[in-house]
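J.: Have a look at this prediction, sequence included:
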Amino acid sequence: MTLHASLDGGRLVLTEGRLTLREQLPRDAADLAEGKPAGLAWIDGAPGEGTIGAASMTVAAAVAGLYRPGWGVFAIQRTADGTALGGAGFHGPPDAGAVEIGYDLSVSGRGGGWATDAARALCRWALGQPEVDRVLATTEPGNSASQAVLGRVGFVRVADRGELWAYELRVLPA
């Protein structure tokens, strides 16, 4: 499947088949960080805890003057109807060739492959940027669902970061 990147009102929008990732600009992220829907129709009525946390990271980066468009939080949406299923994105802009991703699905959005699709789309886009040569991710040791997502995308486990299991992806598998 082909990943399509476009801009909508200054937001990066990544679309691949059934999945749309819609960047949440700092003003939208501020609403999400407060648990508000930010103009999105959420499958469970509001963003989940992980999405709220990711939005807070985007807001903090903007306040610190470190926010770069395209490198924050995105809403995971069904292309067919725009329903927001969760959030995914980057922990910040590239640093020494690396970016780190994270993802979170609302309870009702889990189990349908949406996290795998979102992680794969983020990685495909990031690895297509000239300043990125690897994508990183971490999980808690007991988070087998997230570890399975990373495995399906093609990440390999590398040296742990403290209590977290660390993963790296340099090339998407064919």
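T.: Received the coordinates, thanks. What you see is a predicted model; the values in this text were computed from it and never measured.

J.: show me where the protein has helices.
T.: Assigned by DSSP state H, the chain shows helices spanning 26-33, 49-63, 114-127, 144-153.

J.: now the shortest one and helix 49-63, what's the angle there?
T.: Just to be clear, that refers to helix 26-33. Interaxial angle, helix 26-33 versus helix 49-63 (axes from the mean of the first three to the mean of the last three Cα atoms, to 10 degrees): 140 degrees.

J.: from the chain's centre, how far out does helix 26-33 sit?
T.: Chain-centre distance of helix 26-33: 15 Å, with Cα atoms, centre = their mean, to the nearest Å.

J.: what do you get for the longest one?
T.: Taking Cα atoms, centre = their mean, one finds helix 49-63 lying 12 Å from the centre of the chain it belongs to.

J.: so Gln24 makes contact with Val73?
T.: Yes. At 5.0 Å, Gln24 counts as touching Val73 under the criterion of Cβ atoms under 8 Å. Every C-beta, even on glycine, is put in place using the N, C-alpha and C of the backbone.

J.: what residues do those two have in common as contacts?
T.: 32, 55, 58, 87 (Cβ atoms under 8 Å, 6 or more residues apart in numbering).

J.: what number of residues lie near the nearest residue to the first one once chain neighbours are set aside?
T.: Ranked by Cβ to Cβ, 6 or more residues apart in numbering and with sequence neighbours excluded, the top spatial neighbour of Leu32 is Ala55, at 3.5 Å. Other residues within reach of Ala55, judged by other Cβ atoms under 10 Å, total 28.

J.: circling back to that earlier point, settle it for me: which of Gln24 and Val73 has more neighbours?
T.: Set side by side, Gln24 and Val73 show more neighbours around Val73, with 32 against 29, by other Cβ under 10 Å.

J.: which residues touch that one?
T.: Contact analysis of Val73 by Cβ under 8 Å, 6+ apart lists 23-24, 29, 32, 51, 54-55, 57-58, 87-89.

J.: how about 10 Å then?
T.: 21-26, 28-29, 32-33, 47, 51-59, 61, 87-91, 102, 104 (Cβ atoms under 10 Å, 6 or more residues apart in numbering).

J.: do Ala118 as well
T.: Applying Cβ under 10 Å, 6+ apart, the residues near Ala118 are 14, 16, 19-21, 74-77, 85-89, 101, 103-105, 149, 153.

J.: gap between stretch 28-36 and the chain center?
T.: Counting by Cα atoms, centre = their mean, stretch 28-36 comes out at 16 Å from the chain centroid.

J.: Mind listing what's buried along it?
T.: 28-33 (16 or more other Cβ atoms under 10 Å).

J.: Now tabulate those in a markdown table and tack on distance to Val135 and pLDDT.
T.: Shown next, in a markdown table, are those (distance: Cβ to Cβ, whole Å; pLDDT from 0 to 100):
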| residue | distance to Val135 | pLDDT |
| --- | --- | --- |
| Asp28 | 24 | 96 |
| Ala29 | 21 | 97 |
| Ala30 | 26 | 97 |
| Asp31 | 27 | 97 |
| Leu32 | 23 | 97 |
| Ala33 | 24 | 97 |
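
J.: Okay then, goodbye and thanks.
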